[in-house]
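>>> Any chance you can model this:
(6 chains)
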Protein chains: 6
Amino acid sequence: MFAHNKRLQYTVRVSETNPGLANLMLEQFGGPQGELAAACRYFTQAIGEDDPGRKDMLFDIATEELSHLEVIGTIVAMLNKGAKGRLSEAVEEEGELYRSITGAGNDSHLTQVLYGGGPPLVNSAGVPWTAAYIDTIGEPSADLRSNIAAEARAKIVYERLIALTEDPGVKEALGFLMTREIAHQKSFEKALYAMEPNFPPGKMPGDARFTNVYFNMSQGEPERRGPWNQGEQWQFVSEREKQMAVDGGSGEGSVKLSTAEAATVEQMALRTKSDPTADPLTGAELKKGKEGGSGTTADGTGNPTA
Amino acid sequence: MFAHNKRLQYTVRVSETNPGLANLMLEQFGGPQGELAAACRYFTQAIGEDDPGRKDMLFDIATEELSHLEVIGTIVAMLNKGAKGRLSEAVEEEGELYRSITGAGNDSHLTQVLYGGGPPLVNSAGVPWTAAYIDTIGEPSADLRSNIAAEARAKIVYERLIALTEDPGVKEALGFLMTREIAHQKSFEKALYAMEPNFPPGKMPGDARFTNVYFNMSQGEPERRGPWNQGEQWQFVSEREKQMAVDGGSGEGSVKLSTAEAATVEQMALRTKSDPTADPLTGAELKKGKEGGSGTTADGTGNPTA
Amino acid sequence: MFAHNKRLQYTVRVSETNPGLANLMLEQFGGPQGELAAACRYFTQAIGEDDPGRKDMLFDIATEELSHLEVIGTIVAMLNKGAKGRLSEAVEEEGELYRSITGAGNDSHLTQVLYGGGPPLVNSAGVPWTAAYIDTIGEPSADLRSNIAAEARAKIVYERLIALTEDPGVKEALGFLMTREIAHQKSFEKALYAMEPNFPPGKMPGDARFTNVYFNMSQGEPERRGPWNQGEQWQFVSEREKQMAVDGGSGEGSVKLSTAEAATVEQMALRTKSDPTADPLTGAELKKGKEGGSGTTADGTGNPTA
Amino acid sequence: MFAHNKRLQYTVRVSETNPGLANLMLEQFGGPQGELAAACRYFTQAIGEDDPGRKDMLFDIATEELSHLEVIGTIVAMLNKGAKGRLSEAVEEEGELYRSITGAGNDSHLTQVLYGGGPPLVNSAGVPWTAAYIDTIGEPSADLRSNIAAEARAKIVYERLIALTEDPGVKEALGFLMTREIAHQKSFEKALYAMEPNFPPGKMPGDARFTNVYFNMSQGEPERRGPWNQGEQWQFVSEREKQMAVDGGSGEGSVKLSTAEAATVEQMALRTKSDPTADPLTGAELKKGKEGGSGTTADGTGNPTA
Amino acid sequence: MFAHNKRLQYTVRVSETNPGLANLMLEQFGGPQGELAAACRYFTQAIGEDDPGRKDMLFDIATEELSHLEVIGTIVAMLNKGAKGRLSEAVEEEGELYRSITGAGNDSHLTQVLYGGGPPLVNSAGVPWTAAYIDTIGEPSADLRSNIAAEARAKIVYERLIALTEDPGVKEALGFLMTREIAHQKSFEKALYAMEPNFPPGKMPGDARFTNVYFNMSQGEPERRGPWNQGEQWQFVSEREKQMAVDGGSGEGSVKLSTAEAATVEQMALRTKSDPTADPLTGAELKKGKEGGSGTTADGTGNPTA
Amino acid sequence: MFAHNKRLQYTVRVSETNPGLANLMLEQFGGPQGELAAACRYFTQAIGEDDPGRKDMLFDIATEELSHLEVIGTIVAMLNKGAKGRLSEAVEEEGELYRSITGAGNDSHLTQVLYGGGPPLVNSAGVPWTAAYIDTIGEPSADLRSNIAAEARAKIVYERLIALTEDPGVKEALGFLMTREIAHQKSFEKALYAMEPNFPPGKMPGDARFTNVYFNMSQGEPERRGPWNQGEQWQFVSEREKQMAVDGGSGEGSVKLSTAEAATVEQMALRTKSDPTADPLTGAELKKGKEGGSGTTADGTGNPTA
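This next block holds a predicted model:
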């Protein structure tokens, strides 16, 4: 069960209102790398997890992320506090209000007009949060790696937001949130390596013929190599012929059809076949008038082809 | 520039058509962990990458994932080949056609009716692919971790699809695709650790007061610990008071308002204030008729409160 | 700040696993009327709210909804507990596994294959949760009405899920969750009517010429009336002429263009104008071959018109 | 059946073109509280409704909302009329065109470049309209409440748009549209209370143990009460222990597994178990080079831990 | 302005209820090729159109599509009429209700549980309608082609639905709707060719060096040709070298940076560079325990590499 | 199988960085008419196609579109190259960085903060690409028309982008991409007319009673006609009575219910019926206080009704 205390995990002291900056902050409120995504990711994993230690950790961190969601949401609310009243009460000259709404940059008009200055669950471009951001698949050797990556991404977005902010109170709170992503990444790293084996993830081994092969699919000078495709662990395959049909077969797709299926497929093929020998007049070549086709524009240059 | 060769990277030999199985395979064609997601993830990173070695690797793997997209799409097309003709040509008894469409399970009706048996870019539930699945943020120490995690997830989904399939040709092709995810994960691991430092990701260090703290946010018996929160690396904080307002402040949000802003905020507060002392009659308590309110159902039990 | 306790708000006792039923339950986990939507709705309102009483209430109910999300998620996890292991460990005959996955009805294959049996934030059809479900707009006289309606909808969906369930433990937990929606609706009703005035919502009065008019836009027998359009409060307008251009104007749209704009608009009109006197040969009338148009199929019956 | 008359329901007289303002207006064309949402909401309810009076009302209002969609769309078209031609005909200096496109604020570039100045079904941030905005669930005691709330929200968004506009013709048309939302809300209120009983919505009564309980989930000073949780109708529960496992049980989730299921679950648990006693070296602690681990950066401060 | 008449454009006579079939019909109610998409497409074009003839046609057809939406929605409502009451009133044995909900195939559970048997604006897989389906761009030579294509697609989906239906009343109504798509396609064809020139669409001519070139990008036996790439209109380019950098340049991307930009880019490159000569130990190679790396599983086969 | 060569299909030479312009270019990278949409459209058709000539063409053009995606993505990357480093390395004064991020117009802040200056798969408003843009339905007579229309749309969007650009290198590369859309449209036109018959699309003929009818649904002066509804091919129906129930029936929807169904439907109707004779007091008419209803504000003008 969740409980709530009215004190924030970190005090939010904003120097002055700034709806444009508020909107940038939404990236970590309702954006793909933001706190709602983090909380939902770990909360759903916690519920599905059977290992008692990991389950406990996932609930711990999910709950902290919810508390972070409250901190970043409060930053947005404080930055928007002035703007919220202005539009709601319409106390200004109209032209001034319009200019303030459209001049703050970065979709802050949306926050004001549609969401009334509250913190909506959208990213900084106004795109609503979607659970498509959550990549949990219910296998810990994969999910922990997803969590490590998610914390790394969130850390970077906070780093960018800090670089954009001059307000010392906002910088300080963002610094706390950024630091916690580092701590969480460390916890998830420990949890991953406390499972053994954890690579390859899951249960099934790979096919030994293909686990150490690197296909050089992009060619042309300069060709750069690195530990990801050189050294004794790797078999480097550049020849195009050896990249195709690597099973030694024809490289074609095939299926055995029943007689009835084959007949239907044939009927469809006949009905929809193209005539490779035709040179049909096309819609793009028509000119107005029933006589049609006398002067085409088929070369697309806009000039008659004569 | 991309070029295409008509041979597949791996030969696809399907034993018999099976539209229900075809639909499950869509998970790796147009699903969140599928090949389009993989190809788009690495391709967009490759274009944005400046390090020549990583750029080359990303183009290599993006191109291979496109080739995998073709393999899994061909599996879908072969499994659907019979069904495609049946509906298009409508050669069967009507009742039979309806039963075959709705009886294959798992949304295969959608594949047939809306997409005509072709391989659409949707997951196995028919949800259209979205770039919200792509978590690239343009910082290699984060993106490489995202790639490692993405390969781990894709490996698992292939493992599950293999477990569901009896067709040996399908199993074999899926086994190839699964194995390549392992190989790609290895490449991305090498690339990550060939950057130094890579942790914490990005440029900014964390705040030393909070990098090693673990907040025990979920409490109650049994309390489980592990390397993610115990040992000398960690400071374990269980006391609720020490989890709140960790900066030592009030735990409140605040902002300095200009005089004009304060006046507007006050005006809004007055207009919308609630009266805590009222006990208003509400819509839920009304009974039909202008006299209203004589016998309420406000306890929600459906019984008159009389 | 949020805190978590390992005990649920309501004990979940499931009699036996049932992945098909698990999937139906997702409606209230990641569906539009479900608990995540409720929690997010009230949480974002709480952060943006300035009235201290309403703010407190919104945090109370948001926190309880999060606790409900945990209860319904735990129901899903218990119902899926068997299926989760089966696919992950692949201990069964393959054909059996395929049949169990596709035979449970209602997209439970998705829950198994993509989400590994965990509770994903999708509805029962597998559509990911989206913040587009949240209709908060930052004005309490509107938001409280939205909350009342949301609780009413959630109550109904629980009612339907209860009707579908035979498991007494599931019924009991769902009954608790359903009842709480009733209690929350009552709280929101009280909060709405503790604001005065609350109708019309917001600040601006309506235009007295149109507030009491009812336009009878759908006509034909039988014409039914009711308190929504009859009685002294209403002016009922059936005559089509009086429904159009009700301002007494021309009913046209117009704008004053600058000279430069008028010239550009004219140029565009000329470039794209249609010739109403033409009877052009069209693509639909073409037959294959350069000579074209000799025998059209323009009537769409598939017969030559000749 | 629908019919259309070329006259608008309200005459639209725009003083001058203004693509920035056009974009804000899209909020009520293709936004969540806009006229398409309203029309679709009532139209789908009308088709599903069996009560003849309500069905008639729903068709009436749906049809009027379609007519409003035409009015607001015409406002957008008039405001964009100049901009539409400018880009299409490219008659200006290039730099000037770029500046005019990007300088109008609020995503009007999107309206121009992608939609060519026409009124697209997107909100003011360019997010495409989605039926996820529609909350109809087919039970009138819930749907009518949803309609009341939807009208309240739409009224507020119009109020905000009016505050932003200086053009008298736009203000006047918006005032008409806003007023009609008030009238519609009144109709839906009458229809709701013409059903009896209408609370609790639906058919099933609540569980009497929980209908009048208010859980004080968010605690800390100052604690505010109001009619939503005080008075004789309410039982106010603040003690955390009494908020958990309110059924008197253990507060745990449980399910009875078959023997086969239990074995599989056990197998999965073993395969994926974490070792709580380990202190594994993790990826975050690695340094470049095969020898690894000699100097870790695990504290995330970027300093060697020595 | 729109008006509504209670009579449908085509009488709907359904023989018996069938929720599974109802769900398939949703494809043309809230699906991508359905009637809402058609109505919205033409309605938004009509509002933006300046040519009086086309504008009139677009309003005519938009209005008819709305009337078709009503016909297909009524089919859904009739097919669901029995199921709607069953769940709402819960008059059956519970097990029976569950079986009826999950046994109808194709997501009809969603229609029942979430939407209460009403016709929701989703496709047959339950995916909510989105304006992303609408491809209007505000240029008639493109939009008319989009309309022609949209009518062709809608015609096909109706054809497939007819093939699935045994109910003569449903077949008849669907036949009407299908036929009207043919008629509309014909109108749009006429309107396209009544504009001259209409190819290439828009205003700008193509670059004569590339309008008649066909790049043979997919190679391998058998190589098939047809009128789309052979004949005097086409220049067929198969040589890979002539497909790349066709402008005669280097085929590279380049940009001139300012000195400050160059310095920043260099700094970023240094910070994130990969060391191509390293062979770093990676996370995938770690084994549990602080000593690490002694026995790796790096080949992904699950076997020690010893 | 796909292969990649490091040279672009067209050399990209950008004169100077410009993140605002970069964002506009995203329209053709991750927008609905952009190159990813084109590539996916033709690639999925190619896999599903059985006609060898069309299949080959579709793979050719899909591969070229992928190569175009690389060209337009490279333009974005070059235009963003300076901005990418600035935020990542945070080398500027903070205020300056904020101004540069929010001042570039058109959501370029999103590209910088969330995507780090890389080319993301979003449109110019930041909306993620979705497969809902793809309208492939697996019938060539429809899909080829969709392809023709898609090429026409893409051509127009390029035309608009060219008009906005002053950079000669960008103009030149865009000109190439625009021209190729013309060439592709020509190929698809040829392929469409090389199928015979291709109209009406698909297999089923229309109902001869309705293929040549034009319903004049939008009425009022001035009434404009054109080849789309006049001439011997058309039967023009203006009389409203002849537009309704065109089958000659009642224009009603009906279904035969079983006895059990009828009983349930009746029970639901009774439970939810509205009382047309009531004039109930409603929530909107309530005033605060238990006595209620004494002074209503029901006319919505904000004035007491006395």
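>>> okay, CA-based contacts and neighbour counts for the rest of this
Will do.
>>> is the helix or strand harbouring A:Ile162 anywhere near chain F?
Element membership for A:Ile162 (DSSP states H and E) is helix A:140-164. Yes - in terms of C-alpha under 8 Å from any C-alpha of the partner chain, part of helix A:140-164 sits within range of chain F, namely A:157, A:160-161, A:163-164.
>>> any chance of the residues you listed in CSV, with distance to chain C too?
Output for the residues of helix A:140-164 next to chain F, formatted as CSV (distance: C-alpha to the nearest C-alpha, whole Å):
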residue, distance to chain C
A:Val157, 21
A:Arg160, 24
A:Leu161, 21
A:Ala163, 25
A:Leu164, 24
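>>> now for the helix holding A:Ile162, which elements pack on it?
Contacts defined by 3 or more C-alpha pairs under 8 Å, 6 or more residues apart in numbering or on different chains; DSSP states H and E place helix A:140-164 against helix A:27-30, helix A:168-193, helix B:140-164, helix F:81-89, helix F:94-103, helix F:108-113.
>>> report the longest helix in chain A, please.
In chain A, with assignment by DSSP state H, the single longest helix is helix A:52-79.
>>> rank the helices and strands packed on helix A:140-164 by pLDDT, which is bottom?
The weakest mean pLDDT among the helices and strands packed on helix A:140-164 belongs to helix F:94-103, with a mean of 79.
>>> Now do the buried residues in it.
Neighbour counts over helix F:94-103 (16 or more other C-alpha atoms under 10 Å in any protein chain shown) mark F:94, F:97-98, F:100-103 as buried.
>>> Check stretch A:66-78 too.
For stretch A:66-78, by 16+ other C-alpha under 10 Å, it's A:66-78.
>>> pretty sure A:Ile137 belongs to a strand, no?
No - secondary structure assignment (DSSP: H, G, I helix; E, B strand; the rest coil) places A:Ile137 in coil, not in a strand.
>>> Isn't it up against A:Arg145?
No - the criterion here is C-alpha atoms under 8 Å, and A:Ile137 misses it with A:Arg145 at 11.2 Å.
>>> Is A:Glu49 in contact with A:Lys55, as I believe?
Yes - applying C-alpha under 8 Å, one finds A:Glu49 in contact with A:Lys55, separated by 5.5 Å.
>>> my read: A:Pro52 touches B:Arg225, true?
No - judged on C-alpha under 8 Å, A:Pro52 makes no contact with B:Arg225 at a distance of 9.1 Å.
>>> List the contacts of the closest residue to A:Gln233 other than its chain neighbours.
The shortest distance from A:Gln233 to any non-neighbouring residue, by C-alpha to C-alpha, 6 or more residues apart in numbering or on different chains, is to A:Asn212 (6.3 Å). Contacts for A:Asn212 were tallied using C-alpha atoms under 8 Å, 6 or more residues apart in numbering or on different chains; they are A:233-235, B:183, E:299.
>>> So A:Asn212 versus B:Ala183, what's the distance?
Look at A:Asn212 and B:Ala183: by C-alpha to C-alpha, to the nearest Å, they are 6 Å apart.
>>> and the residue of the stretch 101-250 of chain A found nearest chain E, how many residues sit next to it?
Scanning the stretch 101-250 of chain A for the residue nearest chain E gives A:Gly226, at 4.1 Å (criterion: C-alpha to the nearest C-alpha). Using other C-alpha atoms under 10 Å in any protein chain shown, A:Gly226 is surrounded by 21 other residues.
>>> residues touching it, list them.
The contact partners of A:Gly226, by C-alpha under 8 Å, 6+ apart, come to B:53, B:191, E:275-278.
>>> mind running it again at 10 Å?
A:Gly226 sits next to B:53-54, B:56-57, B:187, B:190-191, B:194, E:274-279 when contact means C-alpha atoms under 10 Å, 6 or more residues apart in numbering or on different chains.
>>> close to chain D, is the longest helix of chain A?
Yes - using C-alpha under 10 Å from any C-alpha of the partner chain, helix A:52-79 comes into contact with chain D via A:52-54.
>>> By neighbour count, which of those residues wins?
Neighbour counts for those, by other C-alpha under 10 Å, peak at A:Arg54, which reaches 27 neighbours.
>>> Let me know whether that residue touches D:Ser274 as I believe.
Yes - with contact defined as C-alpha atoms under 10 Å, A:Arg54 counts as touching D:Ser274 (7.4 Å).
>>> Now the common contact residues for those two.
Contacts common to A:Arg54 and D:Ser274, judged by C-alpha under 10 Å, 6+ apart, are A:140, A:191-192, A:194, B:226.
>>> now those residues in CSV, with distance to B:Phe199?
Listed next are those as CSV, based on distance: C-alpha to C-alpha, whole Å:
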residue, distance to B:Phe199
A:Pro140, 22
A:Ala191, 17
A:Leu192, 16
A:Ala194, 19
B:Gly226, 22
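>>> Max pairwise distance over these: which two?
A:Pro140 and B:Gly226 (15.3 Å; C-alpha to C-alpha).
>>> contacting residues around the residue lying closest to A:Ile101 once chain neighbours are set aside?
Closest residue to A:Ile101 apart from its sequence neighbours, by C-alpha to C-alpha, 6+ apart: A:His109 at 5.1 Å. By C-alpha under 10 Å, 6+ apart, the contact set of A:His109 is A:19-20, A:23, A:98, A:100-103, A:115-117, A:126, D:24, D:105-107, D:124-125.
>>> Repeat that for A:Ala263.
Listed by C-alpha under 10 Å, 6+ apart, the contact partners of A:Ala263 are A:257, A:269, B:82, B:85-86, B:91.
>>> quick one: contacts for A:Thr259?
Counting by C-alpha under 10 Å, 6+ apart, A:Thr259 has contacts A:Val265.
>>> Roughly how far does it sit from B:Gly220?
A:Thr259 is 65 Å from B:Gly220, by C-alpha to C-alpha.
>>> A:Gln233: neighbour count?
17.
>>> same thing with A:Glu261?
A:Glu261 has 18 nearby residues by other C-alpha under 10 Å.
>>> Next, give phi and psi for it.
phi -60, psi -40 (degrees, to the nearest 10).
>>> Kindly provide the distance from the residue lying closest to it once chain neighbours are set aside to chain F.
Ranked by C-alpha to C-alpha, 6+ apart and with sequence neighbours excluded, the top spatial neighbour of A:Glu261 is B:Gly82, at 5.1 Å. Between B:Gly82 and chain F the computed distance is 12 Å (C-alpha to the nearest C-alpha, to the nearest Å).
>>> Verify the stated contact: B:Gly82 with B:Ala22.
No - B:Gly82 lies out of contact with B:Ala22 (C-alpha under 10 Å); the separation is 11.4 Å.
>>> was I right about A:Arg180 contacting B:Thr211?
Yes - counting by C-alpha under 10 Å, A:Arg180 does reach B:Thr211; the two are 6.3 Å apart.
>>> Show the contacting residues for A:Pro120.
By C-alpha under 10 Å, 6+ apart, the residues touching A:Pro120 are A:23, A:26, A:29-30, A:73, A:76-77, A:110-111, A:114, A:126, A:128-129, C:40-41, C:44-45, C:48, C:131, C:134-138.
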